[in-house]
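Student: Show me the folded form of this:
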Amino acid sequence: MQDGQTLAAIDLGSNSFRLEIGRHEQGQIVRTEYLKETVRLGAGLDDEARLNLASMRRGWDCLARFGERVRGLDARHVRAVATQTLREARNRAEFVDEAVRVLRFPIDVISGREEARLIYSGVSRFLPDASERRLVFDIGGRSTELVLGQGTQPKRVESYRVGSVELSMRYFADGRVTSRSMDAARVAAEAALEGSLGFLAGHDWDAVYGASGTVGAVSDVLLAEGVGGGELTPDGLAGLTRRLIDAGHVDRVLMAGLKDDRRAVIGGGLAILQALCSLLRIERIEPARGALRHGVLYDMLSREAPKSDIRMITVQRLQQKFGVDGVQARRVADMAQWLFAALHPTQDAGVLRASTKLRWAAELHEIGMAVSHEEFHRHGAYVLEHADAAGFAQHQLQRLATLVLAQRGGLRKVEQAMADAMLRDQTLALRVALVLCHARRDPTAGRLTLQRLADGYQLTLDTDWAAAHPQSMFLLREETKAWARLPWPFELVVD
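Tutor: Numbering: from 1, shown residues only. Sure thing, here's the model as predicted:
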């Protein structure tokens with residue numbers, strides 16, 4: 001990426017939405033603008049995990065303002081990510097569809113572990129390039145992420161469904177704070193985070209860093225109150241908790257450095273911090289400058305160089321983990337991309353992105369064979385849809401899963417998804433590539449032309465090639481039958 005290029009990351013958190021804009025300078029991203037709005041999207045989830053209209057409108061209004069600020073930037077250099085609230089919301093599509101319309105950029109709902117990975121990436125960029133073992137955590141509105149890493153590399157990542165907004169709504173909904181409610185909130189937090197004992201068992205760390213809102217807010221208070229140098233300790237947290245209980249209500253708390261937008265969720269945040277210190281025997285927490293949004297920015301930077309793109313690295317890791325035949329995977333991927341290019345002679349940015357995703361699906365098309373050779377396409381689709389796949393958003397994994405599912409058998413099972421013309425082209429390219437590579441060797445040379453017709457597709461082959469490949473011709477004729485059941489027929493011409 002050239003120096004001077006502008007990038008923007010948007011974090012749709014459960015409590016706040018944030019926009020970070022930076023300029024690329026010699027491998028670093030220098031902040032040029034930062035905007036934050038307290039949206040409290042997570043507070044709008046009801047008992048049935050549905051977002052109410054008021055919370056959605058707050059989110060849409062905020063994203064409309066953010067959208068105006070990033071309008072004109074290249075789509076490759078703007079990324080919006082959504083976290084726990086939208087992972088949970090049953091009416092997520094309703095919110096996201098309108099959010100994309102007003103923002104005018106895609107929105108990726110990322111998994112908890114992907115969120116943790118990006119948080120660590122953001123935090124590590126602001127720390128010395130040292131060999132220390134680091135425990136990094138981030139208390140969000142509805143989830144808490146924990147990462148154990150060294151240098152810039154995360155080693156273990158996990159996400160737990162407990163956050164400052166959710167816990168505060170449960171135990172301090174009316175703003176009142178008592179010793180009993182505080183104890184109950186802390187016990188609930190410990191129960192939610194108890195799995196971290198097994199997650200971190202047998203691992204040590206040299207330093208602990210807390211990222212983002214809750215840690216930053218508590219650190220600001222401690223610093224303003226003259227308690228240490230802004231670091232968090234069990235004694236400091238206990239002192240703030242006592243003052244919160246003595247005040248009896250969040251509106252009556254007098255703490256220097258406590259911002260009004262943090263009052264309503266400070267009780268839940270303190271409970272989680274004390275739970276972490278108690279469970280993991282943490283004696284000192286350093287506030288971290290980096291956060292999720294910074295990780296998103298640097299992740300975009302890495303995607304400019306294919307060899308450092310975490311998604312390609314993830315594809316290779318999954319191949320190794322599930323024993324995929326790499327030679328056949330590359331053979332099918334090369335042929336599928338060639339066929340896809342024939343359908344899209346104009347290689348714009350959207351086509352290139354779709355071609356890359358097709359390659360990933362082809363590289364992983366046999367991943368399900370590790371489960372069973374029978375129905376391996378279904379097993380593979382399930383694995384991909386639920387994979388811990390660093391760098392991928394949930395909808396991207398869903399698309400890869402759909403392509404892997406569609407690689408063989410009837411097409412009715414993916415007919416609804418095939419309304420997407422780009423997915424339809426990817427599916428055809430993958431299926432025809434698999435036919436041409438069915439013998440698990442490179443296809444022999446021959447005149448082959450693939451084109452899109454007004455309502456379908458046409459593959460033209462020369463007579464000599466057809467005569468020399470009877471099995472391939474049989475499979476291609478079977479392919480025409482599969483597409484004949486859909487509104488987009490596939491014709492085979494031997495000339």
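Student: what ranges do the helices span in the stretch 301-450 of the chain?
Tutor: 310-321, 326-343, 349-363, 376-385, 394-406, 421-436 (DSSP state H, counting those that start in this stretch).
Student: Of those helices, which is nearest residue 491?
Tutor: helix 421-436 (11.7 Å; Cβ to Cβ). (Glycine included, C-beta is placed from N, CA and C.)
Student: ok and that closest one relative to helix 326-343, angle-wise?
Tutor: Per axes from the mean of the first three to the mean of the last three Cα atoms, to 10 degrees, the angle that helix 421-436 makes with helix 326-343 is 130 degrees.
Student: re earlier: would you turn the helices of the stretch 301-450 of the chain into CSV with mean neighbour count, mean pLDDT and distance to residue 23?
Tutor: Compiled in CSV, the helices of the stretch 301-450 of the chain are given as follows (neighbours: other Cβ atoms under 10 Å; pLDDT from 0 to 100; distance: least, Cβ to Cβ, whole Å):
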stretch, mean neighbour count, mean pLDDT, distance to residue 23
helix 310-321, 16, 91, 22
helix 326-343, 19, 95, 34
helix 349-363, 19, 93, 21
helix 376-385, 21, 94, 36
helix 394-406, 22, 93, 27
helix 421-436, 23, 95, 32
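Student: Tabulate these (CSV), appending distance to residue 116.
Tutor: As requested, the helices of the stretch 301-450 of the chain are exported to CSV (distance: least, Cβ to Cβ, whole Å):
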stretch, distance to residue 116
helix 310-321, 13
helix 326-343, 29
helix 349-363, 22
helix 376-385, 20
helix 394-406, 15
helix 421-436, 30
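Student: what secondary structure does residue 79 sit in?
Tutor: strand (DSSP: H, G, I helix; E, B strand; the rest coil).
Student: From what I see, it and residue 300 are in contact.
Tutor: Yes: between residue 79 and residue 300 there is a contact under Cβ atoms under 8 Å: 5.7 Å.
Student: shared neighbours of the two, anything?
Tutor: Common neighbours of residue 79 and residue 300, counting by Cβ atoms under 8 Å, 6 or more residues apart in numbering, are residue 9.
Student: which ones are touching residue 350?
Tutor: residue 422.
Student: quick one: it from residue 288, how far?
Tutor: Using Cβ to Cβ, to the nearest Å, residue 350 is found at 36 Å from residue 288.
Student: can you check residue 38 too?
Tutor: If you go by Cβ to Cβ, the gap between residue 38 and residue 288 works out to 21 Å.
Student: now swap in residue 277 and tell me
Tutor: Computed as Cβ to Cβ, the residue 277 to residue 288 distance reads 16 Å.
Student: Pick out whichever of the two has more residues nearby.
Tutor: More crowded of residue 277 and residue 288, by other Cβ atoms under 10 Å: residue 288, with 26 against 19.
Student: Backbone dihedrals for that one, please?
Tutor: Phi and psi for residue 288, reported as degrees, to the nearest 10, are phi -100, psi 140.
Student: wait, what's in contact with it?
Tutor: Going by Cβ under 8 Å, 6+ apart, the list of residues near residue 288 reads 123, 126, 127, 136, 209, 210, 211, 215.
Student: biggest separation within the residues you listed, which pair?
Tutor: Between any two of the contacts of residue 288, the greatest separation by Cβ to Cβ is 14.5 Å, found for 127 and 215.
Student: the more surrounded of the two?
Tutor: Neighbour count, other Cβ under 10 Å: between residue 127 and residue 215, residue 215 has more, with 23 against 18.
Student: and that one, how far is that from residue 41?
Tutor: 20 Å.
Student: Could you do residue 144 as well?
Tutor: For residue 144 relative to residue 41 (Cβ to Cβ), the value is 17 Å.
Student: Could you do residue 209 as well?
Tutor: From residue 209 to residue 41 the distance is 26 Å (Cβ to Cβ).
Student: Please apply the same query to residue 361.
Tutor: On the measure of Cβ to Cβ, residue 361 and residue 41 end up 32 Å apart.
Student: Let me know the next secondary structure element after the helix or strand residue 115 falls within.
Tutor: Residue 115 is located in helix 112-124, with elements delineated by DSSP states H and E. Using DSSP H and E, the helix or strand that directly follows helix 112-124 along the chain is strand 133-139.
Student: List the strands paired with the helix or strand just after that following strand, with their directions.
Tutor: Sequence-wise, the next helix or strand downstream of strand 133-139 (DSSP H and E) is strand 144-150. Using DSSP bridges, strand 144-150 pairs in its sheet with strand 133-139 (antiparallel), strand 153-160 (antiparallel).
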